[in-house]
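> Quick one, what's the 3D model for this:
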Amino acid sequence: MVCPCRVESSNQTTVDVTFGIRNLLKDDDTGPLEARLSGRRQGEETWWRLASTELPAVEAATTTAPRVHTMSFQQPWNSGTYELRLDISKKEGVRLDTVYWLSEGDYQGYLTNG
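Prediction:
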C-alpha cells in the first residue's frame with residue numbers, strides 16, 4: 001500500500017517525509033486514513049511521535065500512480081542515525097501498512113515525545 005518514502009531536510013529545522021499511497025483493492029476505496037510518523041535514535045527502545053495527519057480515501061486500483069503526501073517534523077537535537085516508522089491506519093484504528101527506514105544526518109532540532 002505505501003510506496004517508497006523520501007526523507008530530506010528543507011531547511012535547518014525541518015525534515016520532510018514524502019510518501020505515496022496506492023490502493024491495491026480492485027473494488028473498494030480505503031475510506032478515510034490516518035498517517036502517523038514516529039522516530040527513535042537507533043538502538044533505543046522508545047518511539048517518539050513526530051507527526052500525524054488525516055488522509056482522504058484512496059480509490060480502488062483504478063490507476064498505478066500513487067497519491068503522494070508530505071509530512072514534516074522538527075529535526076532531532078543530536079546528530080546520528082534515527083529509525084523512522086510510518087503507520088497507515090483506517091480512521092477506526094485498523095493498521096493497514098507500516099514502513100520502517102533509517103535516516104542519518106547532522107540534525108539541529110529536537111524530537112518531541114508523543
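
> Which strands or helices does the least confident helix or strand in the chain by mean pLDDT pack on?
Here the helix or strand of the chain ranked lowest by mean pLDDT, DSSP states H and E is strand 6-9, holding a mean of 74. Judged by 3 or more CB pairs under 8 Å, 6 or more residues apart in numbering; DSSP states H and E, the packing partners of strand 6-9 are strand 14-21, strand 95-105. In this view, the C-beta of every residue, glycine as well, is placed from N, C-alpha and C.

> Which of these comes out lowest on mean pLDDT?
Between the helices and strands packed on strand 6-9, the one with the least mean pLDDT is strand 95-105; it has a mean of 79.

> quick one: contacts of that strand?
1-2, 5, 7, 9, 15, 19, 30, 33, 39, 42, 75, 79-90 (CB atoms under 8 Å, 6 or more residues apart in numbering).

> Quick one: closest of the helices and strands packed on strand 6-9 to residue 59.
strand 14-21 (10.9 Å; CB to CB).

> check contacts around the residue of the chain most remote from its centre.
Using CA atoms, centre = their mean, the residue of the chain lying farthest from its centre is residue 27. It sits 25.7 Å away. By CB under 8 Å, 6+ apart, the contact list for residue 27 reads residue 60.

> Can you classify it as helix, strand or coil?
Secondary structure, DSSP: H, G, I helix; E, B strand; the rest coil: residue 27 is coil.

> among the helices and strands packed on strand 6-9, which is the most enclosed?
Here the criterion is mean neighbour count by mean count of other CB atoms under 10 Å, and of the helices and strands packed on strand 6-9 the winner is strand 14-21, at a mean of 18.

> The spatially most central residue of the chain is in what secondary structure piece?
In the chain, the residue lying closest to the centroid (CA atoms, centre = their mean) is residue 86, at 3.6 Å. If you go by DSSP states H and E, residue 86 is part of strand 80-90.
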